[in-house]
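1. My questions are about this predicted structure, shown below with the sequence.
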Amino acid sequence: MKPYVYLARPVPPEVEDYISQHCSYKKWEGAEPITRKELLEQLGEAQGLLITGEKIDDELLDHAPNLKAVSNISVGYNNFDLEAMQKRNIIGTNTPDVLNETVADLGVALMLSAARRIPELDKLVKEGKWENKDDGPLFGVDMHGKTLGIIGMGRIGEAIGRRAKFGFNMNILYHNRNRKMDTEKALDATFVTQEELLQESDFVLLMVPFTQETKHLMGREQFSQMKKSAIFINTSRGQTVDEDSLIEALQNNVIFAAGLDVFEQEPVSPDNPLLQLSNVVTLPHIGSATHQTRFEMAKLAAENLVAAVNGEEPSAVVPELKGILK
Ligand SMILES: NC(=O)C1=CN([C@@H]2O[C@H](COP(=O)(O)OP(=O)(O)OC[C@H]3O[C@@H](n4cnc5c(N)ncnc54)[C@H](O)[C@@H]3O)[C@@H](O)[C@H]2O)C=CC1
Ligand SMILES: O=C(O)C(=O)CO
């Protein structure tokens with residue numbers, strides 16, 4: 001008998017077809033994303049679960065007595081309560097690598113947008129205000145030849161570093177849990193302390209996972225260490241930044257501008273002061289969202305799910321849960 005899995009997120013038809021060849025399944029068909037309550041009601045028989053970022057914790061696992069594996073269509077897995085999964089031997093998988101280049105493209109787009117004030121200028125042109133006065137009230141700052149500091153030089157951080165180095169001739173500083181000698185050589189990058197990075201960079205880009213250790217990694221003290229002319233980019237998770245401190249830094253010209261794909265609360269509240277600031281470029285957590293890359297992510301997540309519920313080793317088990325396979 002085929003194992004039974006529940007798909008809480010839609011996947012492309014080809015991917016669904018692949019799952020159907022290896023598993024029996026049900027899927028969420030609502031027009032809106034599945035609610036927590038609806039998800040809990042679906043889990044009684046499920047041996048596998050496909051999600052994107054839904055919280056996997058004790059409460060959910062108590063509703064899923066037959067569950068063996070959770071496959072996240074996402075590389076970040078801060079939605080996994082790893083302890084709760086470990087104690088029940090639940091395999092957890094994610095989608096690394098297939099999205100690196102797409103997220104890196106978006107990181108660079110945010111850097112350029114904030115530096116050259118693209119959304120602000122676009123809005124003016126569309127409002128019939130042709131503003132390009134020579135005295136420069138709407139001039140931007142250069143990206144080429146400047147210093148980029150990357151906090152979190154992992155798979156995506158490195159892809160952004162390559163674009164910055166070879167596309168924009170930038171000088172690369174980085175701070176990471178460990179030094180990466182190959183990356184230093186390939187990008188002529190310099191490992192520095194976080195404080196040095198903040199003090200010396202023209203662009204500071206955050207690309208760490210969200211963990212207890214990285215919660216509010218950027219706060220008032222860190223923003224005050226940055227240059228007044230610097231641009232801050234967050235394409236990691238919103239909770240890595242103390243948003244009140246960021247708002248204060250932007251309002252008081254402690255830093256020049258910010259580009260944000262992620263927020264502490266998502267969807268961001270329409271009342272969030274960040275949305276009122278002209279020196280902030282905002283996006284709705286869309287870093288990996290191209291048709292091609294979302295397809296590759298869904299495909300990898302399906303392969304992980306099918307392997308795990310059929311007793312095979314999935315290619316992308318998250319490091320903290322690898323022990324469960326032994
Ligand atoms: N905005 C978006 O749509 C997307 C956001 N992400 C986020 O980006 C994160 C990174 O993804 P990858 O590059 O694939 O992960 P990765 O695991 O390859 O890289 C993360 C790097 O951060 C470093 N790190 C961890 N804690 C640190 C700390 N306290 N200080 C300095 N460095 C630290 C690690 O050593 C590692 O090199 C994901 O966990 C996810 O949260 C990923 C994809 C899309
Ligand atoms: O993969 C992730 O971690 C994302 O945030 C969205 O792709």
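-> Yep, it's here. Ligands and ions are numbered 1, 2, ... in the order given.
2. Show the contacting residues for the residue nearest to I34 when sequence neighbours are not counted.
-> Closest residue in space to I34, ignoring its immediate chain neighbours: W28 at 4.5 Å, by CB to CB, 6 or more residues apart in numbering. From N, CA and C alone the C-beta is placed, and that goes for glycine too. By CB atoms under 8 Å, 6 or more residues apart in numbering, W28 lies in contact with 6-10, 34, 38-39, 42.
3. please redo it, this time with the cut-off set to 10 Å
-> Taking CB atoms under 10 Å, 6 or more residues apart in numbering, we find W28 in contact with 6-10, 34-35, 38-39, 42, 50-51.
4. Including secondary structure and neighbour count, could the residues you listed go into TSV?
-> Converted to TSV, the contacts of W28 look like this (DSSP: H, G, I helix; E, B strand; the rest coil; neighbours: other CB atoms under 10 Å):
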residue	secondary structure	neighbour count
Y6	strand	23
L7	strand	28
A8	coil	21
R9	coil	19
P10	coil	17
I34	coil	20
T35	coil	12
E38	helix	13
L39	helix	20
Q42	coil	18
L50	strand	29
I51	strand	23
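5. Widest-spaced pair of the residues you listed?
-> Within the contacts of W28, T35 and L50 form the most distant pair, 16.6 Å apart (CB to CB).
6. returning to what we had before: give me the pLDDT for the residue nearest to I34.
-> Looking at W28, its pLDDT is 98.
7. Same check on T235?
-> Model confidence at T235 (pLDDT) stands at 98.
8. Next, it: phi, psi?
-> Main-chain torsions, T235, degrees, to the nearest 10: phi -120, psi 20.
9. Do I have it right that it meets L99?
-> No - under the criterion of CB atoms under 10 Å, T235 makes no contact with L99, lying 11.2 Å away.
10. helix/strand/coil for the residue of the stretch 51-200 of the chain found nearest ligand 2?
-> Nearest residue of the stretch 51-200 of the chain to ligand 2, counting by CB to the nearest ligand atom: G76, 3.0 Å away. Assigned with DSSP: H, G, I helix; E, B strand; the rest coil, G76 falls in the coil class.
11. Run through the residues that contact the residue of the chain found nearest ligand 1.
-> Across the chain, no residue is closer to ligand 1 than G154, which sits at 1.7 Å (CB to the nearest ligand atom). The contact partners of G154, by CB under 10 Å, 6+ apart, come to 75, 96, 100, 176-177, 180, 183, 207-209, 236.
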